[in-house]
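A.B. asks: Sequence and predicted structure, then a few things I'm wondering about:
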Amino acid sequence: MAILAKILSGTFGLIAVIGLTACANIPITSMYKLRNFNPTTTDVNQLRFAVHAPDDIGIPKNGVQLLLGTEHRERPNLQESFYLEATNDRTALTNIENNGVQIFQIAANDFARFKRLQKTISIEKARGADGVMEVKAEVCRMTLELPSYIPVSTYVNASETTGYVALLLNVDVLSGADLKTRLEIAPECAR
């Protein structure tokens, strides 16, 4: 299981729905800051995602994924996924806590596919579809002991935003799960 940040709207920005297997809320201040963010026109070269987790929690390889597409009541939904790669680009981190933050971006070899999808989504939106963007982040633990609480936050930084904007803040990825499920949600990191 993973924490999930989902933005759904006709314009992609103002209306936001955020989920964590159960339920979580996007910060109200983020809704305003995301008002101009549009994944169909954003510059993929500047698009970054940040994941903040406790120091003893890691993000496995291919553990952060961007899903982008459309939803329509009368036609099949469109969705493509992009595994995000870690980057050392720490530009624009001034507005969030720097410790424990990992930065991710779309892999350069996926830029052309991302741009093609942007065009396809624009066409589908003109035909009445809603745009959908989801950010999924999986975690693993670097210790043998399973913590009782793992707060994780996710952020987006794009050409339309000023710095990183919170999608989820301090969501406990273990909330409400039994022991077996907690071990599946936060397995030991591969060595």
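C.D. replies: Structure received.
A.B. asks: which residues are in contact with the lengthiest helix in the chain?
C.D. replies: Criterion DSSP state H: the longest helix present in the chain is helix 111-126. Identification of contacts with helix 111-126 by CB atoms under 8 Å, 6 or more residues apart in numbering yields 10, 39-41, 44-45, 68-70, 72, 75, 78, 80, 82, 106, 129, 131. For the C-beta atoms, the positions are set from N, CA and C on the backbone; glycine is no exception.
A.B. asks: and Asn170, which of the three is it?
C.D. replies: strand (DSSP: H, G, I helix; E, B strand; the rest coil).
A.B. asks: Find the residue closest to it in space, skipping its chain neighbours.
C.D. replies: Excluding the flanking residues, the one nearest Asn170 by CB to CB, 6 or more residues apart in numbering is Pro151, at 4.1 Å.
A.B. asks: Tell me, how many residues neighbour the one you found?
C.D. replies: 17 (other CB atoms under 10 Å).
A.B. asks: Run a quick neighbour tally on Glu74.
C.D. replies: By the criterion of other CB under 10 Å, Glu74 has 7 neighbours.
A.B. asks: any idea how far Val64 is from it?
C.D. replies: Going from Glu74 to Val64 by CB to CB, to the nearest Å gives 32 Å.
A.B. asks: what's the answer for Arg127, then?
C.D. replies: The gap separating Arg127 from Val64 is 30 Å, by CB to CB.
A.B. asks: And Ile106, by the same measure?
C.D. replies: Using CB to CB, Ile106 is found at 11 Å from Val64.
A.B. asks: contacting residues for the residue nearest to Leu179 when sequence neighbours are not counted?
C.D. replies: Spatial nearest neighbour of Leu179, excluding adjacent residues (CB to CB, 6+ apart): Leu146 at 8.0 Å. By CB under 8 Å, 6+ apart, the contact list for Leu146 reads 179, 182-183, 186.
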